[in-house]
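*Asks:* Sequence and predicted structure below; questions after.
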Amino acid sequence: TMAKPAVKKLSLINFAPAGKVQAPEDHFSQLDHAVCAIQTKRSTPLTFEALYRLVETICTNGQSAALYSRLRQRCSDHLQIVRSELLRHISTDGLEFLNKLCETWTQYCEQMILIRSIFVYLDRSYALKNSSIECLWSMSLALFLEHVFSEKQVQTKAINAMLALIDSERQGQLVSRPLLRTASAMLRDIGVYAAVFEAPFLTRTGEFYAAESRRLIAELEAGEYIRHAERRLREEQSRLDECLCMVTLRALTAILDDQLIRQHLPAVFERGLPAMLAGDRDADLALLYSLCAHVDGLELLRDAFRVCIKGAGAEIVTNPARDKTMVDDLLAYKQRLDAVVAGPFAKAELLSNALKDGFESFVNQRHNKPAELIAKYIDTMLRTGYKKMSEEQLEALLDRVLVIFRFVNGKDVFEAFYKNCLAKRLLLLLSSSDDLERAVILKLKAECGSMFTAKMEGMIKDTSISREITTAYRQYCSTRQVSKIDFSVNVLTLSNWPTYQPATITLPAELAAIQRGFEAFYTVQHSNRKLAWQPALGFCVLRATFPSGSKDLHVSLYQATVLMLFAEAESLTFAAIKEATLIEEKALKLTLLSLACGQVRVLTKTPKGPEVGTADTFAVNAAFRSPHKRVKINQIQQRETEEENEATADKIFQDRLYAVDAAIVRIMKMRKVLKHTALITETITQLKFPCKAADLKKRIESLIERDYLERDSQDTQTYKYVA
């Protein structure tokens with residue numbers, strides 16, 4: 001077994017004093033001398049560690065309150081001396097005084113940091129634990145405010161110097177930003193920044209920029225002004241970041257936004273926005289958008305953007321002198337606006353919608369004409385011999401044109417003109433590509449619906465079927481003794497094609513025989529159908545022999561009928577030609593004009609002159625020469641007169657009658673009873689095309705006759721719906 005160790009007892013003797021020992025007076029005196037030495041920039045008699053131990057001793061002996069009170073008094077006495085020293089410099093220049101004040105403040109802060117490091121035990125054990133007194137650093141700031149900055153002369157001089165310093169920098173002078181930063185930090189630390197500096201600073205700022213902006217908005221171009229405003233915003237932000245307190249940011253930003261930007265946006269929009277949009281000034285537009293977004297002014301920009309679009313667009317659409325280039329101008333303008341919205345305006349939906357609204361508004365300011373010109377523009381694109389563009393490029397251009405078409409309200413006007421143009425391209429073999437024709441119709445179908453393109457699709461189908469019929473007829477002719485003249489025909493469904501005026505003509509015997517042979521062939525195939533010939537749309541190729549050689553003449557059927565008369569006669573009078581062909585006089589004059597007075601003159605006219613008269617005589621031009629084997633003789637096109645345009649408009653309105661009647665009945669079915677003026681107004685609002693009140697009144701009368709509506713027995717200006 002192991003023996004257990006003996007237990008030893010440890011006795012502790014208490015050496016702690018029975019009570020707290022009073023610190024001797026010389027401890028306080030030594031600390032006073034040390035504080036005084038720091039404040040007067042002298043070395044302390046004891047080390048900081050020794051001084052710290054003295055403070056600790058005093059505090060542990062319960063004399064913290066006395067020590068705190070003596071230190072506070074010592075700092076107060078020192079600051080009174082500092083104030084007196086500053087007041088001796090009160091009459092100096094403001095910048096010099098501010099330098100002296102900031103130097104004094106910096107020295108005071110450095111001194112208080114040293115003093116606090118000595119008295120840190122007092123701060124931690126007493127001041128921070130006692131809510132009724134301030135910590136040493138807060139005490140030092142409060143004392144500086146009380147004894148130095150509360151002096152009215154010091155405060156006024158310092159604030160005025162700071163404001164003058166900022167004004168000088170705004171006027172382009174170099175100033176000491178560190179000085180301004182120190183002064184601002186002092187005001188912030190002693191708790192008077194907002195009370196004594198911020199208010200006058202904001203007032204001075206508002207006055208400065210109000211005066212400057214009023215002067216510059218009148219002197220500078222709009223782009224220069226917004227660049228100046230943006231530069232001022234950056235300068236103020238830089239000064240705020242480096243020198244002032246961030247609590248000023250919101251109030252300062254509000255003043256700058258109002259004085260530099262918001263108040264002058266109308267002037268910038270009016271004087272600058274149209275020029276920016278018209279020129280290559282995307283940088284200015286991007287800056288304008290940025291500034292408007294900054295001040296919540298995008299709605300103002302939207303309204304101004306829409307007004308600019310309407311103004312510039314109306315100049316394109318309403319000026320008859322620009323009709324020839326209207327569609328090209330609209331395409332270029334739309335492309336420019338799209339680029340602005342996508343680039344400088346950052347694809348903002350608000351501005352994109354303004355573009356659409358503005359475009360739709362001005363395109364429809366001139367009724368019917370834009371729709372007509374767009375139809376004719378597409379017709380030009382789809383004809384053979386158009387600009388050297390690939391099908392991909394043409395299709396891309398078509399997409400852009402159809403975007404413009406989308407804004408047009410009178411789509412039925414477009415339909416009427418496009419059908420006329422499509423008919424000519426198909427019948428006269430002027431179309432550059434069947435695939436492009438179908439592609440356009442598909443795009444129109446996607447845009448306007450199947451009813452819109454039904455007749456156009458029928459026209460394409462008719463030409464396709466006609467090719468099959470022609471092939472069958474040629475096979476039919478090959479088995480019989482029929483003329484060897486090559487012949488093709490287009491059999492058209494009457495309801496699909498534009499209405500053509502019936503024309504009479506006596507064809508040459510060879511052509512008349514072919515016509516009769518086809519009629520017999522077609523009647524066998526379709527016994528219940530009747531053919532009505534349209535000679536104005538026919539064309540053919542004649543081989544003519546001149547002294548210079550034989551030529552293949554590409555001519556219309558009217559031209560061919562006239563020329564074939566000269567196979568048996570050397571010369572013919574106008575009357576003889578008219579009697580032989582039975583062509584209407586006006587059409588005959590245009591035909592002879594193209595043959596005898598056009599660019600390709602295969603006939604001569606006696607007497608000579610630019611016009612064809614009923615007494616003129618015509619003969620074959622024996623001197624005709626051409627370097628080409630094949631010669632195309634263009635038909636003289638008769639210009640559309642105002643009467644014909646009005647007739648076209650009337651025809652379009654006739655097509656609109658169903659839409660007008662439906663709108664009136666729909667309104668009356670919902671309202672039951674309505675005054676004449678209210679019915680007219682609401683009908684015009686609902687219709688997508690222009691309509692005169694007199695025309696609407698006629699439709700109302702028609703609906704009354706057909707028992708859809710009736711007049712009130714007591715008031716003839718009131719209508720009732722008949723269920």
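*Replies:* It's in. Numbers count the residues shown, from 1 in each chain.
*Asks:* where along the stretch 401-550 of the chain do the strands fall?
*Replies:* Ranges of strands in the stretch 401-550 of the chain, per DSSP state E, counting those that start in this stretch, are 539-546, 549-556.
*Asks:* averaged over its residues, what pLDDT does the last one have?
*Replies:* Confidence over strand 549-556 (mean pLDDT, whole number) is 88.
*Asks:* In it, which residues are buried?
*Replies:* Using 16 or more other Cβ atoms under 10 Å as the test for burial, strand 549-556 gives Lys551, Leu553, His554, Val555, Ser556. No exception for glycine: its C-beta is placed from N, CA and C like everyone else's.
*Asks:* Of these, which is the nearest to Ala375?
*Replies:* Ala375 has its nearest neighbour among the buried residues of strand 549-556 in Ser556, at 23.1 Å by Cβ to Cβ.
*Asks:* what's the distance between the closest one and Ala354?
*Replies:* As judged by Cβ to Cβ, to the nearest Å, Ser556 and Ala354 stand 50 Å apart.
*Asks:* what about the protein, any weak spots by pLDDT?
*Replies:* Applying pLDDT under 70 to the chain flags the ranges 1-24, 384-388, 481-484, 636-650, 653, 723.
*Asks:* please redo it, this time with the cut-off set to 50
*Replies:* Low-confidence segments of the chain (pLDDT under 50): 1-8, 10-22, 639-641, 643.
*Asks:* which residues in it form strands?
*Replies:* Secondary structure of the chain (DSSP state E): strands located at 539-546, 549-556, 571-573, 603-606, 617-620, 630-632, 673-675, 709-711, 718-721.
*Asks:* May I see these arranged in a markdown table, with distance to Tyr52 as well?
*Replies:* Conversion of those to a markdown table gives the following (distance: least, Cβ to Cβ, whole Å):
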| stretch | distance to Tyr52 |
| --- | --- |
| strand 539-546 | 117 |
| strand 549-556 | 117 |
| strand 571-573 | 135 |
| strand 603-606 | 127 |
| strand 617-620 | 131 |
| strand 630-632 | 114 |
| strand 673-675 | 98 |
| strand 709-711 | 106 |
| strand 718-721 | 103 |
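*Asks:* right, so of these, which gets closest to Ile652?
*Replies:* Across the strands of the chain, Ile652 has its closest neighbour in strand 709-711 (24.9 Å, Cβ to Cβ).
*Asks:* buried residues in stretch 353-362?
*Replies:* Of all the residues in stretch 353-362, those buried under the rule 16+ other Cβ under 10 Å are Ala354, Leu355, Gly358, Phe359, Glu360, Phe362.
*Asks:* what sits up against that stretch?
*Replies:* 302-303, 305-310, 313-314, 316-317, 334, 337-338, 341, 407, 409 (Cβ atoms under 8 Å, 6 or more residues apart in numbering).
*Asks:* burial measure for the nearest residue to Leu592 once chain neighbours are set aside, as a count.
*Replies:* Distances taken as Cβ to Cβ, 6 or more residues apart in numbering place Val612 nearest to Leu592, at 4.9 Å, with adjacent residues excluded. Applying other Cβ atoms under 10 Å, we find 22 residues neighbouring Val612.
*Asks:* Kindly report the same for Leu233.
*Replies:* By the criterion of other Cβ under 10 Å, Leu233 has 17 neighbours.
*Asks:* Would you agree it is in contact with Ile255?
*Replies:* No. With contact defined as Cβ atoms under 8 Å, Leu233 does not count as touching Ile255 (11.2 Å).
*Asks:* quick one on the thing from earlier: can you list the buried residues of stretch 353-362 in JSON lines and add distance to Pro370?
*Replies:* Formatted as JSON lines, these follow (distance: Cβ to Cβ, whole Å):
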{"residue": "Ala354", "distance to Pro370": "20"}
{"residue": "Leu355", "distance to Pro370": "17"}
{"residue": "Gly358", "distance to Pro370": "15"}
{"residue": "Phe359", "distance to Pro370": "11"}
{"residue": "Glu360", "distance to Pro370": "11"}
{"residue": "Phe362", "distance to Pro370": "9"}
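*Asks:* Among these, give me the pair with the biggest separation.
*Replies:* Checking those with Cβ to Cβ, the most distant pair is Ala354 and Phe362, at 12.5 Å.
*Asks:* mind listing the helices for the stretch 51-200 of the chain?
*Replies:* In the stretch 51-200 of the chain, the segments counted as helices under DSSP state H, counting those that start in this stretch are 64-87, 94-118, 120-122, 136-144, 152-170, 177-189, 199-219.
*Asks:* thinking again about what came up before, out of the buried residues of stretch 353-362, list just those in helices.
*Replies:* Ala354, Leu355, Gly358, Phe359, Glu360, Phe362 (DSSP state H).
*Asks:* What about the nearest residue to Asp379 once chain neighbours are set aside, how many residues nearby?
*Replies:* The shortest distance from Asp379 to any non-neighbouring residue, by Cβ to Cβ, 6+ apart, is to Cys421 (3.5 Å). Applying other Cβ under 10 Å, we find 19 residues neighbouring Cys421.
*Asks:* Go ahead and confirm Cys421 touches Ile374.
*Replies:* No. Under the contact definition of Cβ under 8 Å, Cys421 does not touch Ile374, with a separation of 10.8 Å.
*Asks:* rewinding a little: which among the buried residues of stretch 353-362 gets closest to Ala596?
*Replies:* Nearest to Ala596 among these: Phe362, at 46.3 Å, using Cβ to Cβ.
*Asks:* which residues does the residue lying closest to that closest one once chain neighbours are set aside contact?
*Replies:* Closest residue to Phe362 apart from its sequence neighbours, by Cβ to Cβ, 6+ apart: Gly313 at 3.4 Å. Shown in contact with Gly313 (Cβ under 8 Å, 6+ apart): Leu330, Tyr333, Gly358, Phe359, Ser361, Phe362, Val363.
*Asks:* Just give the number of residues close to the residue nearest to Leu494 when sequence neighbours are not counted.
*Replies:* Closest residue to Leu494 apart from its sequence neighbours, by Cβ to Cβ, 6+ apart: Ala532 at 8.0 Å. Ala532: 8 surrounding residues under other Cβ under 10 Å.
*Asks:* thought Ala532 was touching Pro502?
*Replies:* Yes. Counting by Cβ under 8 Å, Pro502 is a contact partner of Ala532 at 7.1 Å.
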